[in-house]
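> Okay, predicted coordinates and the sequence, questions at the end:
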Amino acid sequence: MTSIQEKTDPTRRPDWDARVLATPGYSVFHSAGWHKSLSESYRYHPCAFTIRGDDRFLGLLSILEIRSAFTGRRGVSLPFTDECEPIGRGDGVVASIWEEAIRYGRQAGWKYLEIRGGDGGFGHAPAYSIQKFHTLDLTRGEQHLYSQLRGSTRRNIKKGVKQGVTVRISRSRSALDDFCRLNTITRKKHGIPPQPALFFGKLFEHMISRGEGFVCLALHREKPIAGAVFLQFGTESVYKYGASDPAYLNMRPNNQVIWEGIRHLVQSGFHRLHLGRTEPGHTGLLQFKRGWGAEEETKSYYRYDFRRGEFVSQKAGARIPFGLVERCPLPVLTAAGNFLYRHVG
């Protein structure tokens, strides 16, 4: 088999997804649709480093370059992404790609290159941060998955049903708009600006409308009270975003939304559902995810600092005061999100 090492743009290659799907270790976030959603929303520049064979990638490191007048120029694999580790086969493949990415980043004047995932690929390099991940094996079937739920999780699913909460699965733009309204409320509650509407529009255009995702909405008397966005690619799926109206949390609609999403994915033949990353100190979210009977893993993020010429660890940074953000009017918070997100990816 002949092999070619190259730098390429995943958003401009019609053969990208087929090659990724033939490469062991791929995820939803290696897909062209996810690259397009991010790059077109935030004006990031795709630059993937690959070693390709005749019909597949022997190695792949996917990066989006951020060029910001406020936060500098750097490479991230990938911004706003739980994990997008280097994938490949054969000794030395990932190392060879990594060397090429470092060479390019140095020439491009990057501050750093951040890799989200890839344990074991960087020798004894220190981790920039540590994250918890939870994955469900969907091939075990709906009945087995339900039996593995924590008792309180099962009770919460039943509680919503008893109170008349129904769940609708959709790939329509109107369903995504309903989710976005709930997402704005939820992000404000947590002291975080909502993602730009443009991003969700691109997510719909490049993934959901193409069968690579769906929206799960919980409704009470036809009013959306909770929702989730699931993404899918090949046999992999991800629970990416969740939101709810705090006035209805006593009905536990979030549990119903996730369970119906799981059932839909099982019936559609997907192999795994990834529940996303969680910071080790976020005990409440960890407790919630552990209630689904998922396998828990610890993974590392890595950051190579070009000025120091070495991998670095994360330092404690300033945080936005939650109370201040919560008191911001929604239009102000939305405007802040539209401006900030492309600079902080």
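Sure, I can see it. Numbers count the residues shown, from 1 in each chain.
> what is Gln5 paired to in the beta sheet?
On the basis of DSSP bridges, Gln5 takes part in beta bridges with Ile51.
> go on, Pro224?
Bridge pairing for Pro224 - DSSP bridges - gives Leu219.
> Now Phe200: which helix or strand?
helix 197-206 (DSSP states H and E).
> Summarise which helices and strands that helix is packed against.
If you count contacts as 3 or more Cβ pairs under 8 Å, 6 or more residues apart in numbering; DSSP states H and E, helix 197-206 packs onto helix 32-42, helix 173-189. From N, CA and C alone the C-beta is placed, and that goes for glycine too.
> ranking those helices by burial, who's on top?
Ranked by average neighbour count under the criterion mean count of other Cβ atoms under 10 Å, those are headed by helix 32-42 at a mean of 23.
> helices or strands next to that one in the packing?
helix 16-21, strand 45-46, strand 64-68, helix 197-206, strand 223-233, helix 330-344.
> And for it, what's in contact with it?
Helix 32-42 has contacts (Cβ atoms under 8 Å, 6 or more residues apart in numbering) with 10-11, 13, 16-17, 20, 28, 44-46, 62, 64, 66, 78-81, 196, 198-199, 202-203, 205-207, 210, 212, 231, 233, 341-342, 345.
> Same check on stretch 198-210?
31-34, 36-38, 40-42, 171, 173, 176, 179-180, 212-215, 229, 231, 338, 341.
> May I see the buried residues of that stretch?
By neighbour count, with 16 or more other Cβ atoms under 10 Å as the criterion, the buried positions of stretch 198-210 are 199-204, 206-208.
> quick check: domain ranges of the chain?
Split into domains by automatic domain parsing, the chain comes to 4-131+299-344, 133-297.
> okay, those in a markdown table with mean pLDDT next?
A markdown table is the format used below for the domains of the chain (pLDDT from 0 to 100):
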| stretch | mean pLDDT |
| --- | --- |
| domain 4-131+299-344 | 89 |
| domain 133-297 | 97 |
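> now the helices for the chain?
For the chain, the helices defined by DSSP state H occupy 16-21, 32-42, 93-108, 142-147, 151-162, 173-189, 197-206, 253-267, 283-290, 322-326, 330-344.
> Can you tell me which of those helices is nearest to Asp55?
Nearest to Asp55, of all those, is helix 16-21, at 7.1 Å by Cβ to Cβ.
> correct me, but Phe214 touches Leu265?
No - the criterion here is Cβ atoms under 8 Å, and Phe214 misses it with Leu265 at 9.2 Å.
> what residues do the two have in common as contacts?
Common neighbours of Phe214 and Leu265 (criterion: Cβ under 8 Å, 6+ apart): 230, 232.
> Run the chain-centre distance for stretch 85-94.
Taking Cα atoms, centre = their mean, to the nearest Å, one finds the center of stretch 85-94 at 22 Å from the center of the full chain.
> and it, how far apart are its ends?
This stretch, stretch 85-94, spans 10 Å end to end (Cα to Cα, to the nearest Å).
> list the buried ones in it?
Buried-residue list, stretch 85-94, by 16+ other Cβ under 10 Å: 85-88, 93-94.
> Of all pairs in the residues you listed, which one spans the longest distance?
The most widely separated members of these are Glu85 and Val93, with 13.2 Å between them, by Cβ to Cβ.
> related to what we said a few turns ago, dump the helices and strands packed on helix 197-206 to TSV, plus distance to Arg290.
Below are those laid out as TSV (distance: least, Cβ to Cβ, whole Å):
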stretch	distance to Arg290
helix 32-42	27
helix 173-189	21
